[in-house]
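Chemist: predicted model and sequence follow; I will ask about them next.
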Amino acid sequence: MFATRVLRQAAAHGAERAPLIRFIGRRTIPTQIDHTPRPHPASPTGALPGNGNSHTSFSSYRDSVQQHGPLRKTIGSTSAASLGSVEAPKGVFFDRNELPERFRRTPLTLAEIEAVETGGAALFG
């Protein structure tokens, strides 16, 4: 609580403060860093993501990926109609409300809402 006050008083009285952390050696910046893409050590396949081919840069990987539409750099020069349908393929759902009824969230009851709002205190009183 009074740590700041103690430190200020020590500084005012000329007490020399020594840091508790000791670093070994000088700080150096590595001269060469290898930025080639490598698969993650926990990767189940041991390969970089893609269509079976390894990519030499993030840019080449990004050109081959599709997430919410193609990520290619040439999108602006093509029409949206030529990119294909935006409908989800069979078995893929974009929203939880599109799932079959058995997979949807069940609505909360008034008792559950009351328990959440009171932190459970209403259950004991």
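Modeler: Happy to help now that I have it. Numbering: from 1, shown residues only.
Chemist: how many residues are close by Ile24?
Modeler: 4 (other CB atoms under 10 Å). (Glycine included, C-beta is placed from N, CA and C.)
Chemist: which SS class is it?
Modeler: Following DSSP: H, G, I helix; E, B strand; the rest coil, we place Ile24 in the coil state.
Chemist: distance check, it against Leu7.
Modeler: Per CB to CB, to the nearest Å, Ile24 is found 26 Å from Leu7.
Chemist: what does Arg102 give?
Modeler: 62 Å.
Chemist: tell me which of the two has more neighbours.
Modeler: A side-by-side neighbour count of Arg102 and Leu7, using other CB under 10 Å, places Leu7 first with 12 against 5.
Chemist: and the more buried one, that's in a strand?
Modeler: No. Per three-state DSSP, Leu7 lies outside any strand segment and is helix.
Chemist: so where is the protein shaky, pLDDT-wise?
Modeler: 1, 13-15, 17, 49-56, 64-78, 80, 122-123, 125 (pLDDT under 70).
Chemist: mind running it again at 80?
Modeler: By pLDDT under 80, the weakly predicted segments of the chain are 1-19, 37, 47-86, 120-125.
Chemist: and the helices in it?
Modeler: 3-12, 58-63, 110-117 (DSSP state H).
Chemist: how about these in TSV, adding distance to Pro89?
Modeler: Output for these, formatted as TSV (distance: least, CB to CB, whole Å):
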stretch	distance to Pro89
helix 3-12	60
helix 58-63	22
helix 110-117	36
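Chemist: so which of those is the most packed in?
Modeler: Comparing the helices of the chain by mean neighbour count (mean count of other CB atoms under 10 Å), helix 58-63 ranks first with a mean of 13.
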